[in-house]
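J.: Quick one, fold the following:
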Amino acid sequence: MATGVSETPSLNDQALRPRYGLFLLIVLLIPVIAFLGIFVLARTQLFIRTSKRQFWHSMEYQFADRPKPCDVVIFGDSTGLMGADPRIIQTRTGLTACNIAIPYLGLTTTGKLTLEHFLATHKPPKFLVIELHPSHFRPPSFDDESGIIDGFLLADRKLPPLTAAKLFFDHPKDSFYFAAQLWKELISFTPSTSPDLTERAYRSDTAKLAAQDGFYTTDHPGGNTDCFYQFHAPTFSRSYLASFQRYATNGTRLVFWPSPVRHCDIHLNDYRFGTAFLGLPPPLLLDDSAFTDAQHLSAAGVAENSNALADYLLQQERQK
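T.: Numbers count the residues shown, from 1 in each chain. Predicted structure coming up:
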């Protein structure tokens, strides 16, 4: 029965359908472009130079050319980066020193890339010190969610594009988190994190890192660390330590140094057993005032650790 209403689409409906399709395509493409684009943007110098993140500037500086020869090179995780002061080591030993350590998740994502870049572009050192938290004397793993952004940024910037892409593809959840956090950083209006178009923070941090030979410092006075936070039960790997042996060439001596631990760490006996099992000196046991958090040292802790490491190097030099 005829209703008097035509079921044939009008010319206006037919004209609008392609526009609806285009609009839908754009809506779908925007998040894809935003997701992929941030990985490309993060590889640029503009991104790192306009960031206010001192930690990111530190990771970038570890790939910079050092103007003086380094008799002692410190590589390892963030406890080495923030715990071994090359200036103290040089004063105590007479050996020039530099620090090229990186965050732990950087070791997970890029392995020994920073170390290999340094050794390929600088004179071989007398001592190569591998300083790690005692729980990290085994192959690095994705067990520190707080460091995902640092580790993925280092991988994005320094790994070959296809290698980095495979890493991100293999860890989709972490990759989405990384991309979201970088966008949050870019559109931030918070003074401490919003982009610095003057690049003043980058220049200041780089100058500070150069003056400290790569050593990273914080303004935290130390003390009052929360003993509630504890690490997972540690494991130890002789094969991981053996993987560094190939760098002990051209007169370079390899030294492994466990970073200091807190009195309230529940794994003290494990650390003592593990370092003995690996043939390493036991970690220094320091009180609360020597730490700014569960693993990183205050200025007082840095002085104790650096002097102890310097004395250990002098001991090793006398035994050659």
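
J.: who touches I149 in this structure?
T.: Y177, F178, Q181, L182 (C-beta atoms under 8 Å, 6 or more residues apart in numbering). Heads up, the C-betas are built off the backbone N, CA and C, glycines and all.

J.: Now stretch 214-225: average pLDDT?
T.: Mean pLDDT, computed over stretch 214-225, is 77.

J.: Go through that stretch and flag the buried ones.
T.: Using 16 or more other C-beta atoms under 10 Å as the test for burial, stretch 214-225 gives G214, F215, Y216, T217, G222, T225.

J.: Which members of the contacts of I149 are classed as buried?
T.: The neighbour count (16+ other C-beta under 10 Å) marks F178, L182 as buried among these.

J.: Just the terminal-to-terminal distance for stretch 63-72.
T.: 16 Å (C-alpha to C-alpha, to the nearest Å).

J.: Show residues contacting that stretch.
T.: Under C-beta under 8 Å, 6+ apart, the answer for stretch 63-72 is 86, 89-90, 93, 95-98, 114, 117-118, 121-123, 125-127, 129, 158, 206, 210, 213-214, 313.

J.: Could I get the buried residues of stretch 214-225 in CSV, plus columns for secondary structure and distance to I38?
T.: Formatted as CSV, the buried residues of stretch 214-225 follow (DSSP: H, G, I helix; E, B strand; the rest coil; distance: C-beta to C-beta, whole Å):
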residue, secondary structure, distance to I38
G214, coil, 28
F215, coil, 30
Y216, coil, 25
T217, coil, 30
G222, coil, 36
T225, coil, 34
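
J.: now for these, which pair is the farthest apart?
T.: Greatest spatial distance among the buried residues of stretch 214-225 (C-beta to C-beta): G214 and T225, at 24.9 Å.

J.: Check the gap between the most centrally placed residue in the chain and H267 for me.
T.: For the chain, the residue nearest the mean C-alpha position is P103 (2.5 Å; C-alpha atoms, centre = their mean). P103 sits 21 Å away from H267 when distances are taken as C-beta to C-beta, to the nearest Å.

J.: Just the contacts of stretch 63-72: which are in strands?
T.: Using DSSP state E, the subset of the contacts of stretch 63-72 located in strands is A97, C98, F127, V129.

J.: any idea which of the residues you listed is closest to L29?
T.: C98 (46.1 Å).

J.: ok, now which ones touch that closest one?
T.: Contacts of C98 by C-beta under 8 Å, 6+ apart are R66, C70, V72, V73, I74, P86, D213, G214.

J.: out of the residues you listed, which is most surrounded?
T.: The residue in the contacts of C98 with the most neighbours, by other C-beta atoms under 10 Å, is I74 (30 neighbours).

J.: Which helix or which strand is home to it?
T.: I74 belongs to strand 72-76 when assigned by DSSP states H and E.

J.: mind listing what that strand pairs with, with the direction of each?
T.: Strand 72-76 pairs in its sheet with strand 97-99 (parallel), strand 127-132 (parallel), by DSSP bridges.

J.: Generate JSON lines for the ones in strands among the contacts of stretch 63-72, with distance to F168 and pLDDT as supplementary columns.
T.: Output for these, formatted as JSON lines (distance: C-beta to C-beta, whole Å; pLDDT from 0 to 100):
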{"residue": "A97", "distance to F168": "35", "pLDDT": "97"}
{"residue": "C98", "distance to F168": "31", "pLDDT": "97"}
{"residue": "F127", "distance to F168": "36", "pLDDT": "98"}
{"residue": "V129", "distance to F168": "32", "pLDDT": "98"}
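
J.: In PyMOL, select just the buried ones from the residues you listed.
T.: In PyMOL syntax, the buried subset of the ones in strands among the contacts of stretch 63-72 is picked out as below (16+ other C-beta under 10 Å):
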select buried, resi 97+98+127+129
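
J.: would you turn the ones in strands among the contacts of stretch 63-72 into TSV with distance to P283?
T.: Formatted as TSV, those follow (distance: C-beta to C-beta, whole Å):
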residue	distance to P283
A97	20
C98	23
F127	19
V129	14
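
J.: nearest to L153, of the ones in strands among the contacts of stretch 63-72?
T.: C98 (22.1 Å).

J.: Can you give me the distance of the closest one to L268?
T.: Distance from C98 to L268, by C-beta to C-beta: 31 Å.

J.: before we move on, what about D150?
T.: 28 Å.

J.: now F127
T.: 27 Å.

J.: The contacts of stretch 63-72, buried ones only, as a PyMOL selection?
T.: For the buried members of the contacts of stretch 63-72, the matching PyMOL selection, counting by 16+ other C-beta under 10 Å, is:
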select buried, resi 86+89+90+93+95+96+97+98+114+118+122+125+126+127+129+158+206+213+214+313
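
J.: dump the residue contacts of the residue nearest to I88 when sequence neighbours are not counted.
T.: Spatial nearest neighbour of I88, chain neighbours left out: S306 (3.8 Å); criterion: C-beta to C-beta, 6 or more residues apart in numbering. Applying C-beta under 8 Å, 6+ apart, we find S306 in contact with G83, A84, D85, I88, I89, R92.
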